[in-house]
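Just to be clear, the model below is a prediction. Sequence and coordinates:
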Amino acid sequence: MSINNYSCISCNTSDASFFYKSPYMPQRSSLIRIDMINEPLPYTSYQYVICNNCFLVQSIENNPPSILESENCYFSHVSRTIIERDKLLSKDIIKRKKVNQQTRIIELGGSDGTFLENFTALTQHIINIEPSNDSCELCQKKKIKSLNCFFSKKVAIEILNSFGKADIIVIKQVLETIIDLNDFLEGVSMLLKKDGLLLIEVPYVIDLIERNFYDFMAHIRKSHFSFTSLKKALLKKNLSVSEVYHYHDLEGGLRVYAGHSQSNNQCPLVGNLLKSEAKWGIDNYTNYSSALKKGILLHSELMNLIFNYKKSHSKIVGYGAGVKAGILLNYCGIDNRFLDFVVDKNSFKHGKFIPGVNLEVLPLNRLYDGVNVILLLAWIYKDEIINDLMPLIEEGIHIVVPAPEVTVIKK
Ligand SMILES: [Zn+2]
């Protein structure tokens, strides 16, 4: 089916199948200041299609890259889970590439440098390309060279002239937000040495629609990759995949190792994952729409639970004011009629509001103000947060985990 004014961001074909239209939600995803809460916000509905040629799932609107706005207040260092995870991942890379003083490393969208910090004792040839002003500034304070811009082929040429080609390029949870995918990947291909290592992590489309329904709605994401569609996008730029892993921590996703040279030791998981995706039916739009129906059931279950708590006069607050918290709250219509406020560890967010639902973000100590129920909006950090909240659970507070299943954690 041909869709008006649409061409795939990976393979440029206009042949696609439509399978989902989201409800109207605020176009802005970063937090707003108090003087902005009465200003009208633009609302948008997002339409999702699957390309019938490369099978990349994508929204057909060209959204502003709001996750990368300077006000996003997203810092990797506030999560212990991310710090530990980054340490393990960097150890693996150091071993694979035998990182030494000559090794050149580039991270695209490396936030505040939490991942790159793990390499600074070994090499000084490190660059972070980070469009968010606040994150970039924090990274620079760590003495890691950080360029405050969006990565593109043009930026790649500038880096080639000033820094040279990279031995290692890391792109974690960024590729799915890129609108001009071909330009971005062309820049990556140009910058990577012939024997260089490219590490990519992306959320996995099958996990997103089957388990992490609310994250699928995150309109900060332009694409939703299967391994099949990611492999095709990379191959177009002469980047071939040698290894792939389907990881299950955080929100789950795909970790791919790739490079210029066609590896003879391709990991068996590459072929296995392609086969299992074909079996699931990643080429058939009806599979996506039927999997999404499970998510819609999840939404009504959550709403009923919150409604019943409110009816019994419970004081309910949210935990975690990330971009995806705004998506979940707006999608479910959970606003200041249900929740009193949202708490977050990150002091940069305090005193700001979640757009659309106008819930204020306050420090964690406000959890001791007679709260009965906590809606765990940052549910991907469930283990870390539940551990921190154990004393409150012992005192009788209920924790509602909204996904992948609606569950209540209580004494
Ligand atoms: Zn395509």
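Yep, that arrived.

so the residue of the stretch 251-400 of the chain found nearest the ion is in which element?
Closest contact between the stretch 251-400 of the chain and the ion, by C-beta to the ion, is at Asp283 (11.3 Å). Where C-beta positions appear, they are placed from N, C-alpha and C, glycine not excepted. For Asp283, there is no helix or strand it lies in under DSSP states H and E.

That one and Phe55 touch, don't they?
Yes: using C-beta atoms under 8 Å, Asp283 is in contact with Phe55, at 5.3 Å.

which of these two has more neighbours?
Using other C-beta atoms under 10 Å as the criterion, Asp283 and Phe55 rank with Phe55 on top: 22 against 18.

Please list the residues of the stretch 101-250 of the chain that sit near the ion.
Within the stretch 101-250 of the chain, no position is near the ion by C-beta under 5 Å from the ion.

can you map out the strands along the stretch 101-250 of the chain?
105-108, 126-129, 145-147, 166-172, 192-202, 223-224, 240-247 (DSSP state E, counting those that start in this stretch).

Against which helices or strands is the second one packed?
With contacts defined as 3 or more C-beta pairs under 8 Å, 6 or more residues apart in numbering; DSSP states H and E, the secondary structure elements packing on strand 126-129 are strand 105-108, strand 145-147, helix 153-162.

6 Å - rerun?
strand 105-108, strand 145-147 (3 or more C-beta pairs under 6 Å, 6 or more residues apart in numbering; DSSP states H and E).

what are the ranges of the helices in the stretch 51-200 of the chain?
80-97, 133-141, 153-162, 181-191 (DSSP state H, counting those that start in this stretch).

what's the closest of those helices to Gly113?
Closest of the helices of the stretch 51-200 of the chain to Gly113 is helix 133-141, at 3.6 Å (criterion: C-beta to C-beta).

Could you tell me how many residues sit around the closest residue to Pro404 other than its chain neighbours?
Closest residue in space to Pro404, ignoring its immediate chain neighbours: Arg211 at 4.0 Å, by C-beta to C-beta, 6 or more residues apart in numbering. Neighbourhood size, Arg211 [other C-beta under 10 Å]: 20.

isn't Arg211 right up against Glu405?
No: using C-beta atoms under 6 Å, Arg211 is not in contact with Glu405; the gap is 8.7 Å.

Stretch 182-200 spans what distance, first to last residue?
15 Å (C-alpha to C-alpha, to the nearest Å).

Report the contact partners of Asp183.
Counting by C-beta atoms under 6 Å, 6 or more residues apart in numbering, Asp183 makes contact with 152-153.

Could you report the pLDDT at it?
pLDDT recorded at Asp183 is 97.

Quick check: it vs the ion, distance?
15 Å (C-beta to the ion, to the nearest Å).

Tell me which residue is most central in this protein.
Gln173 (4.9 Å; C-alpha atoms, centre = their mean).

So what's the residue count around the closest residue in space to it that isn't next to it in sequence?
Of all residues not flanking Gln173 in the chain, Glu201 sits nearest, at 5.9 Å (C-beta to C-beta, 6+ apart). Residues within reach of Glu201, counting by other C-beta under 10 Å, total 20.

Show me the beta-bridge partners of Glu201.
Applying DSSP bridges to Glu201 yields these beta-bridge partners: Lys172, Arg255.

Do you know the pLDDT at it?
pLDDT, Glu201: 97.

I figured it hits Arg255, correct?
Yes: using C-beta under 6 Å, Glu201 is in contact with Arg255, at 5.0 Å.

Arg28 reaches Pro355, doesn't it?
Yes: between Arg28 and Pro355 there is a contact under C-beta under 6 Å: 4.8 Å.

Mean neighbour count, the strands of the stretch 101-250 of the chain: which tops it?
strand 105-108 (a mean of 26; mean count of other C-beta atoms under 10 Å).

which outside residues touch it?
So strand 105-108 is contacted by 116, 119, 126-129, 151, 166, 168-171, 174 (C-beta under 6 Å, 6+ apart).

again, only using 7 Å
Strand 105-108 is contacted by residues 115-116, 119, 123, 125-129, 151, 166-171, 174, 191 when judged by C-beta atoms under 7 Å, 6 or more residues apart in numbering.
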